[in-house]
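1. next comes the sequence, and after it the predicted model I'd like to discuss.
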Amino acid sequence: MKRGIFAISIALIVVLAGIVVYYSMSNEKSSMRGITIIDMAGREVTVPKNVQRVICLGPSALRIVVYLNATDLVVGVEDAEKYWDITGRPYRLAHPELANLTSIARGGPDNPTPYAEEIVKLKPDVIIASFVSLDVVNNLQEQTGIPVVVLWPSSDDLNKFFEALRIAGKVLNRERRAEDLIKYINDIIQDIKSRVKGVSYRPSVYVGGLAYKGAHGFESTSGNYLPFVLLNANNVASSAGNGTFLVNKEQIFLWNPEYVFIDALNLNLVMNDIMKNPEFYNAIKAFSDNHVYLVWPNNFYGTNLEIVFINCYAIGKVLYPNRFSDVNIREKANEILERFVGRPLYNILAAKFGSLVEPLGVQR
């Protein structure tokens, strides 16, 4: 009888051990499948736990990866990232080695024309897509079998930008870096806002020559230009709506801003127009008072968030010199650039676009 009970006990132990091993192996297989995230298009995407190879599609996708210090994972880039002028994109300027990687798409918003065969050959673990249409995303994922994570890093809503950093950080195992950068951004914003708090007089301002899906002249502006928003500046175009848009010159004349800032990316278009129409520009207070300044391009294949903050400090020094007197723009710009893209690029950018803070001297 005792031997029978003993035999049954041994059998039960063996069965239970088998069950434990089975479930342990099942759980291990489940974990090997990766992690499931919800991307910014609301799609459920499963990606490997330890991503080693990534490619980027669309405006700002590669920029986000650079911000996360994850360029070592990038195995292919778009033609746009290889062949377009890199000076207006500090993330590429800081990493010239990326131009040596295999082309995986033409590039551009909505439909960057991915080269599916080349992508498959590179065997990426995941594709990061930004501002790419969902039809292109879903077709590419189905065609290649590679998970595609969609981001929408809008600079108009910094919470969306933070969400993009966090999702990409989770996918690329750069979560700590994402949080560190978000904290740095919030610290900058707090510093800027504290400097302009309680300002008694806010001169009227206008920004012209903004790039948006191409080059535009003085009439291209924004009602919620982010440096103006953060500085609580008196943007004359705010009454015309948000986003980047074109206004007619008569409206600018009526607004008659006291200070004008021109995006360096389209400065040549503005200067050509000034030479053709000096009477119009001389009738605007900012031009007659020599209060016309340069800002570096916030937007070039997506938003250069580091340039947004550099422009904030430069504009702050112009509008509220007493509040920003302790800021050395070269040192501050290099600090910000190093935190975002890993290199102090002020001298290169200034040589290309011009120095900040000094008047352009465009009176006619």
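-> Received, thanks.

2. buried ones in the helix or strand harbouring Asp187?
-> Using DSSP states H and E, Asp187 falls within helix 175-196. Neighbour counts using 16 or more other CB atoms under 10 Å place Arg177, Ala178, Leu181, Ile182, Ile185, Ile188, Ile192, Arg195, Val196 of helix 175-196 among the buried residues. Using the backbone N, CA and C atoms, a C-beta is placed for each residue, glycine as well.

3. next, the contact list for the fifth one, please.
-> It stands for Ile185. By CB atoms under 8 Å, 6 or more residues apart in numbering, the residues touching Ile185 are Leu158, Phe162, Leu305, Phe309.

4. biggest separation within those, which pair?
-> Phe162 and Phe309 (14.5 Å; CB to CB).

5. the closest residue in space to Glu81 that isn't next to it in sequence - how many residues pack around it?
-> If the residues on either side of it in the chain are set aside, Glu81 comes closest to Leu62, at 5.7 Å by CB to CB, 6 or more residues apart in numbering. Using other CB atoms under 10 Å, Leu62 has 29 other residues around it.

6. with Phe309 instead?
-> Phe309, neighbours per other CB under 10 Å, totals 27.

7. what about it, distance to Tyr346?
-> Distance of Phe309 to Tyr346, given as CB to CB, to the nearest Å: 13 Å.

8. try Leu305
-> As judged by CB to CB, Leu305 and Tyr346 stand 16 Å apart.

9. comparing the two, which residue is more hemmed in?
-> Per other CB under 10 Å, whichever of Leu305 and Tyr346 has more neighbours is Leu305, with 26 against 21.

10. got the CA positions of stretch 290-300 in CSV?
-> C-alpha atoms of stretch 290-300 as CSV (Å, rounded to 0.1, in the frame of the first residue of the first chain):
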residue,chain,number,x,y,z
ASN,A,290,16.6,98.7,-38.3
HIS,A,291,14.8,96.1,-36.2
VAL,A,292,15.1,93.2,-38.7
TYR,A,293,16.8,90.1,-37.5
LEU,A,294,17.7,86.6,-38.7
VAL,A,295,16.4,83.4,-37.2
TRP,A,296,17.6,79.9,-38.1
PRO,A,297,15.3,77.5,-39.9
ASN,A,298,13.0,75.7,-37.4
ASN,A,299,11.6,73.5,-40.2
PHE,A,300,13.5,71.5,-42.7
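
11. now do the residue sitting nearest the centre point of the chain, the pLDDT please.
-> By CA atoms, centre = their mean, the mean C-alpha position of the chain lies nearest to Thr303, the distance being 4.4 Å. Looking at Thr303, its pLDDT is 92.
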